[in-house]
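Just the structure for this:
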Amino acid sequence: MHRRVVLLSILTLAAGGAALLPASAAQAGVHLRPKPAQHAAADSAPEQRQVLTYWTEQRMEAAQPLDAPNPKKGTKLTMDEPSEGNPWTAPPTGATRAGTELQAARSSGEAWTGGGAVVKTTGRIFFTTQGRNASCSGSAVTSANKSVVLTAGHCVKLNGTFHTNWVFVPGYSNGQRPFGTWAATKLLTTPQWNAGEDINFDVAAAVVAPLEGKTLVDVVGGQGVAFNQQRRQQMYGFGYPAAAPYDGSKLIYCSGRTFDDFLMSNDQGLTCNMTGGASGGPWMLNFNESTGLGTQNSVNSFKYNFAPNWMFGTYFGNEAQAVYQSAQSTNAL
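Coordinates of the predicted model:
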């Protein structure tokens, strides 16, 4: 059987158990070599103004799914596996003990109507890649610099080139941007994704510039983050799918117990019907439907074209943690 994976980006033609630790302490148990790949984005005020002006509502709304390159034959036998270390967790910003109780609902792809923090922290990502516009999903997470967005590796770099005009729009809804548009100053991804676009390491972070004197987490809050956790746990996945039957206008969620990919990756799987545009959206442990708070432990990464009801997400091991730690210790200005 011919097998392909589909990265869930959207391409369009341009229309013209621990508290949050200081980065140095948290990094002590993480293997940081080789270090995450880093790329300067809009790291000056004039560049940020230019990027924010570029993204009109019309440019954001038009989108078509992008098929990923085919995985190499025998990929699972030749790719590296995420390395594992000590479990590490940072709680959601402002969370209380009662705010992280596990729920057990099941959904394969419904509109999220529960409200809570997740409608502010999750958003759409827009960028330009090889002369075309694209969209993904992402999530604001608790961080030392209060400016980190987690997403998929292919949402910052694909086909050997880092994306440009990169912005995060938290709480996107039917074309509205209730919490503003945030320009990235730096993009980071794993060395494995940077060098060879290895699907096992399809995770990235962006550091976004303050907006009107406030940081991202000051405005929308931040979900927790966790690394080196047990597999096969209950998770909630969120994103902005834009290919039929979705249109990218609203936040969609899936939930259920994850399973290990037995085919061509070392990722985790989740029963989920989300489509193109959902890439980079957060998977969360200990998600509370009442508060909308949880602990991010993966991202929407890819789907096999012969199994549209399964979504796969990168295991958050040492490499993913190194990306997060590097991002949260970066100056957002």
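
in the protein, which residue is closest to the centre?
By C-alpha atoms, centre = their mean, the chain has its centre lying nearest to residue 151, at 2.0 Å.

so how far is residue 127 from it?
Residue 151 sits 10 Å away from residue 127, going by C-beta to C-beta, to the nearest Å. Yep, even glycine has a C-beta here, placed from its N, CA and C like the rest.

which residues do the two both contact?
Counting by C-beta atoms under 8 Å, 6 or more residues apart in numbering, the shared contacts of residue 151 and residue 127 are residue 136.

all strands of the stretch 1-150 of the chain, in order?
With DSSP state E, counting those that start in this stretch as the criterion, the stretch 1-150 of the chain has strands at 5-7, 10-13, 37-40, 64-65, 88-90, 107-111, 122-129, 132-141, 148-151.

mean confidence score for the second one?
If you average the pLDDT over strand 10-13, you get 47.

quick revisit: look up the closest residue to the residue nearest to the centre of the chain, ignoring the ones flanking it.
Leaving aside its chain neighbours, residue 151 sits nearest to residue 280 (3.2 Å; criterion: C-beta to C-beta, 6 or more residues apart in numbering).

got it, and residue 333?
Distances taken as C-beta to C-beta, 6+ apart place residue 209 nearest to residue 333, at 6.7 Å, with adjacent residues excluded.

That neighbour - how many residues pack around it?
Residues lying near residue 209 (other C-beta atoms under 10 Å) number 23.

Averaging pLDDT over each of the strands of the stretch 1-150 of the chain, report the lowest-scoring one.
When these are compared by mean pLDDT, strand 10-13 comes last with a mean of 47.

before we move on, back to that, isn't the residue nearest to the centre of the chain right up against residue 278?
No: Residue 151 is beyond contact range of residue 278, at 10.9 Å (criterion: C-beta atoms under 8 Å).

hey, what's in contact with both of the two?
What both residue 151 and residue 278 touch, as defined by C-beta under 8 Å, 6+ apart, is the set residue 137.

on that earlier part again, tell me how many other residues surround the residue nearest to residue 151.
Neighbours of residue 280 (other C-beta under 10 Å): 33.

is the residue nearest to the centre of the chain in a bridge, and if so with what?
residue 204 (DSSP bridges).

And for residue 236?
residue 255, residue 284.

backbone phi and psi for the nearest residue to residue 265 once chain neighbours are set aside, please?
Spatial nearest neighbour of residue 265, excluding adjacent residues (C-beta to C-beta, 6+ apart): residue 199 at 5.2 Å. When read as degrees, to the nearest 10, the backbone of residue 199 gives phi -60, psi -20.

Perfect, that will be all.
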